[in-house]
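**Q** return atomic coordinates for the entry below.
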Amino acid sequence: MELQEATSLPDQLDEATKYIKRLQTNLERMKERKERLMGIEKPDAAAATSSSGNSSGTITTGLRSPQIEIHEMGSALEVVLTTGLDFQFMFIETIRLLHEEGVEIVNASFNVVEDTIFHTIHSKIGDSGSDHDASARISERLKKFGQDGSAF
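**A** Below you'll find the predicted structure:
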């Protein structure tokens with residue numbers, strides 16, 4: 001076992017201060033990395049990047065409100081969900097909502113254009129005579145869900 005020399009209180013405080021500053025620097029770097037990975041860029045960073053002419057190619061995303069369009073065609077129901085990258089969970093929740101209503105999903109696809117995702121879901125409502133009632137109920141639930149993101 002080695003004996004360590006006692007460090008004076010001012011030296012201990014100096015080392016603690018340096019350590020805290022390193023932690024703060026690391027925290028800032030990690031926050032910036034997280035924002036880059038999530039596709040979010042700070043307005044100040046964007047201005048600094050464009051003024052220096054050094055573009056990193058990062059896409060700046062705004063908090064885009066999701067939009068839902070519902071098209072009824074007899075027993076067929078087409079749902080077009082348009083979201084930003086920050087609302088991807090809504091596609092899964094829309095599928096879940098349709099399954100709760102007993103709707104058969106025929107096809108589902110998506111396209112990404114910059115920071116916007118266009119989801120299209122083609123589905124079929126049951127063969128019973130109450131297709132219009134079911135379609136109206138499903139449309140209402142989807143519209144509520146699109147407005148507040150939690151209405152089930």
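
**Q** please, where are all the helices along the protein?
**A** Ranges of helices within the chain are 9-38, 43-52, 89-100, 131-148, based on DSSP state H.

**Q** tabulate those helices (JSON lines), appending mean neighbour count and distance to residue 108.
**A** Bear in mind the C-beta positions are built from the backbone N, C-alpha and C, glycine included. Output for these, formatted as JSON lines (neighbours: other Cβ atoms under 10 Å; distance: least, Cβ to Cβ, whole Å):
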{"stretch": "helix 9-38", "mean neighbour count": "10", "distance to residue 108": "25"}
{"stretch": "helix 43-52", "mean neighbour count": "11", "distance to residue 108": "34"}
{"stretch": "helix 89-100", "mean neighbour count": "16", "distance to residue 108": "7"}
{"stretch": "helix 131-148", "mean neighbour count": "16", "distance to residue 108": "14"}
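
**Q** compare the mean pLDDT across those and name the weakest.
**A** Mean pLDDT per stretch puts helix 43-52 lowest among the helices of the chain, at a mean of 43.

**Q** surely residue 119 meets residue 78?
**A** No: with contact defined as Cβ atoms under 8 Å, residue 119 does not reach residue 78; the gap is 11.1 Å.

**Q** more neighbours: the two, which one.
**A** Set residue 119 next to residue 78 and count neighbours by other Cβ atoms under 10 Å: residue 119 wins out with 21 against 15.

**Q** dump the residue contacts of that one.
**A** By Cβ atoms under 8 Å, 6 or more residues apart in numbering, the contact set of residue 119 is 79, 80, 81, 82, 83, 91, 94, 108, 109, 110.

**Q** beta partners of it?
**A** residue 81, residue 110 (DSSP bridges).

**Q** how close does it get to residue 137?
**A** 21 Å (Cβ to Cβ, to the nearest Å).
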